[in-house]
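**Student:** Show me how the following folds:
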Amino acid sequence: MALTDIVFIHQNMPGQFRHLAPALAQDRRLRVFFVTRRTGVQLPNVRTVLYPDPDCGERSTEPFARPMEVAARFGHAVARVCLDLRAQGVRPRLVIVHPGWGEGLLLRDIWPDARILSYAEFYYQPQGADIGFDPLFPVTAQGLATARMMNGPLLLSHAAADLLLAPTHWQKHRHPDFLHDRIEVVFDGIDTARVFPDPGARFTLPDGRVLDGGGEVITYVARNLEPHRGYHVFLRALPRLLAARPRAQVVIVGGVEVSYSPLPRDGHANWREALAAEVDLGADAARVHHVGKLPYADYLSLLRISAVHVYLTFPFVLSWSCLEAMAAGCLLVASDTAPVREVVEDGVNGRLFPFHDGEAMVGTIVAALEDRAAGDRLRAAARATVAERYALRDCLPRQLRLVERLLAG
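**Tutor:** Numbers count the residues shown, from 1 in each chain. This is a model prediction of the structure:
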């Protein structure tokens, strides 16, 4: 029996396809490939195909052409390895691609008979999202033009696709209206069988101290510590928070690179360094623990001992960590921004505060800590929200049904 080929493409394998690709690879009728530039990652029954890092050095004399030029180089690098696959006889019935870096630009011409599913994560708009949201990054004509050009590769990739997949309704509706009928909304899925409350959890700090759920541990998590995830708001409010809660321990998870925000303009290497120079924690600094990026099991242990988990985001893509914290039974105190409001209702399954209002954030955290009965109710409701709407056991079958539709033509 001839096998049906499916090709995934994402520069940071497995990315948003961390559940879908392994699930499809379990089907013996399918042959699954994953094109990526990330090394050291293997998925069972998935053949990894590496493409080389594109040369994205400064070339163009037209600054607004830069986003398209970088995307074209990514698209070219992916196209070369896909042409090699075609020469080896790989004829996918379905290609599933994240087009955010230009990797989807040339696929239609390499495999004209394939169905293409394009991941619609974000589309840049001049109003209503991250542009102009924070005074740190004032709107400029150059910035608007650059964002407009960043949409160019996305539009070309989406135009060549048969179907688009968005993780949330808010992210879907950031895209132009003419694409909406082709965008299906299915979240990536939270594995609630793995992410769950555990009253016996323990977390060990870098200095060897062990924290448990009986203490007042306040947690903050981001892939990288940057303004798009509200790190500046959180850190600037810490002196008030630590003064209000003299027994609290604050654990901050995240790297020092940037994923979405520009680097600081004051010469500091990263936002953690810049804000450390600005915010004096005094003797309370001993109660603030930057632990960097954690292994997943340690990260889950931290969520499970959290007394309050603080989540902030610009109007931008919703983090997995927000929903994982809810699934772990965290008492969520989050910014009142559009992607969060799709999931969290104030006073029902979490607490919301205005993103830029550090004083309101502190007041909300303190109130949450002091009303234990209400906190227990919010924790249970947060877990229930994820279990009912975002659990992997429901999201993955929905994604698989989309795949079946596309394979069926």
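
**Student:** other SSEs contacting the host helix or strand of residue 32?
**Tutor:** Per DSSP states H and E: residue 32 is located in strand 30-36. Under the contact criterion of 3 or more C-beta pairs under 8 Å, 6 or more residues apart in numbering; DSSP states H and E, the helices and strands touching strand 30-36 comprise strand 4-9, helix 20-25, strand 46-50, helix 66-87. In short, each C-beta sits where N, CA and C put it, glycine included.

**Student:** Turn the ones you listed into a markdown table, columns for mean pLDDT, mean neighbour count and distance to residue 109.
**Tutor:** Putting these into a markdown table (pLDDT from 0 to 100; neighbours: other C-beta atoms under 10 Å; distance: least, C-beta to C-beta, whole Å) gives the following:
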| stretch | mean pLDDT | mean neighbour count | distance to residue 109 |
| --- | --- | --- | --- |
| strand 4-9 | 98 | 24 | 15 |
| helix 20-25 | 98 | 21 | 24 |
| strand 46-50 | 97 | 17 | 18 |
| helix 66-87 | 96 | 18 | 8 |
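
**Student:** With respect to residue 154, which of these lies nearest?
**Tutor:** helix 66-87 (8.7 Å; C-beta to C-beta).

**Student:** what helices or strands is the next helix or strand after that closest one leaning on?
**Tutor:** Toward the C-terminus, helix 66-87 is succeeded by strand 94-97 as the next helix or strand (DSSP H and E). With contacts defined as 3+ C-beta pairs under 8 Å, 6+ apart, strand 94-97 has these neighbours: strand 4-9, strand 115-119, helix 392-407.

**Student:** chain center to strand 94-97: distance?
**Tutor:** 20 Å (C-alpha atoms, centre = their mean, to the nearest Å).

**Student:** buried sites along the helix or strand that that strand is followed by?
**Tutor:** Later in the chain than strand 94-97, the nearest helix or strand by DSSP H and E is helix 107-110. Of all the residues in helix 107-110, those buried under the rule 16 or more other C-beta atoms under 10 Å are 107-108, 110.

**Student:** swap in stretch 387-398?
**Tutor:** Here stretch 387-398 shows 387, 390-392, 395-396 as buried, counting by 16+ other C-beta under 10 Å.

**Student:** do stretch 176-191 as well
**Tutor:** So stretch 176-191, judged by 16+ other C-beta under 10 Å, has buried residues 179, 182-191.

**Student:** again with stretch 30-39
**Tutor:** Within stretch 30-39, judged by 16+ other C-beta under 10 Å, the buried ones are 30-37.

**Student:** would you list the helices and strands packed on strand 94-97 in CSV and tack on distance to residue 381?
**Tutor:** CSV is the format used below for these (distance: least, C-beta to C-beta, whole Å):
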stretch, distance to residue 381
strand 4-9, 35
strand 115-119, 30
helix 392-407, 18
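
**Student:** Name the next helix or strand following whichever helix or strand residue 297 is part of along the chain.
**Tutor:** According to DSSP H and E, residue 297 maps onto helix 296-305. Downstream of helix 296-305, the next assigned helix or strand under DSSP H and E is strand 308-311.

**Student:** So which of the helices and strands packed on strand 94-97 is nearest residue 307?
**Tutor:** helix 392-407 (26.6 Å).

**Student:** what about the residue nearest to residue 379 when sequence neighbours are not counted, neighbour count?
**Tutor:** Leaving aside its sequence neighbours, residue 379 sits nearest to residue 329 (C-beta to C-beta, 6 or more residues apart in numbering; 4.7 Å). Residues lying near residue 329 (other C-beta atoms under 10 Å) number 24.

**Student:** for the chain, what spans make up the helices?
**Tutor:** Using DSSP state H, the helices of the chain run over 20-25, 66-87, 107-110, 141-159, 169-172, 231-244, 271-278, 296-305, 320-327, 338-341, 358-370, 372-389, 392-407.

**Student:** Out of these, which is the most enclosed?
**Tutor:** Stretch with highest mean neighbour count among the helices of the chain: helix 320-327 (a mean of 25; mean count of other C-beta atoms under 10 Å).

**Student:** Give the rounded mean pLDDT of that helix.
**Tutor:** What helix 320-327 shows for mean pLDDT is 98.

**Student:** elements contacting that helix?
**Tutor:** strand 217-224, helix 296-305, strand 308-311, strand 332-335, helix 372-389.

**Student:** now the angle from that helix to helix 392-407?
**Tutor:** 140 degrees (axes from the mean of the first three to the mean of the last three C-alpha atoms, to 10 degrees).

**Student:** Can you name the residues that contact residue 22?
**Tutor:** 14, 43-46 (C-beta atoms under 8 Å, 6 or more residues apart in numbering).

**Student:** TSV please, covering those and showing distance to residue 52.
**Tutor:** TSV is the format used below for the contacts of residue 22 (distance: C-beta to C-beta, whole Å):
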residue	distance to residue 52
14	20
43	21
44	25
45	25
46	20
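
**Student:** now the closest residue to residue 147 other than its chain neighbours: how far from residue 150?
**Tutor:** Distances taken as C-beta to C-beta, 6+ apart place residue 124 nearest to residue 147, at 4.0 Å, with adjacent residues excluded. Using C-beta to C-beta, to the nearest Å, residue 124 is found at 6 Å from residue 150.

**Student:** Residue 341 too?
**Tutor:** Counting by C-beta to C-beta, the gap from residue 341 to residue 150 is 25 Å.

**Student:** Repeat that for residue 330.
**Tutor:** With C-beta to C-beta as the criterion, residue 330 and residue 150 are 33 Å apart.

**Student:** ok, now residue 4?
**Tutor:** 34 Å.

**Student:** who touches residue 202 in this structure?
**Tutor:** 210-212, 301, 305.

**Student:** one more time with 6 Å
**Tutor:** Residue 202 makes contacts with 210, 212, as judged by C-beta atoms under 6 Å, 6 or more residues apart in numbering.

**Student:** Then residue 172?
**Tutor:** Residue 172 neighbours (C-beta under 6 Å, 6+ apart): 166, 183, 185.
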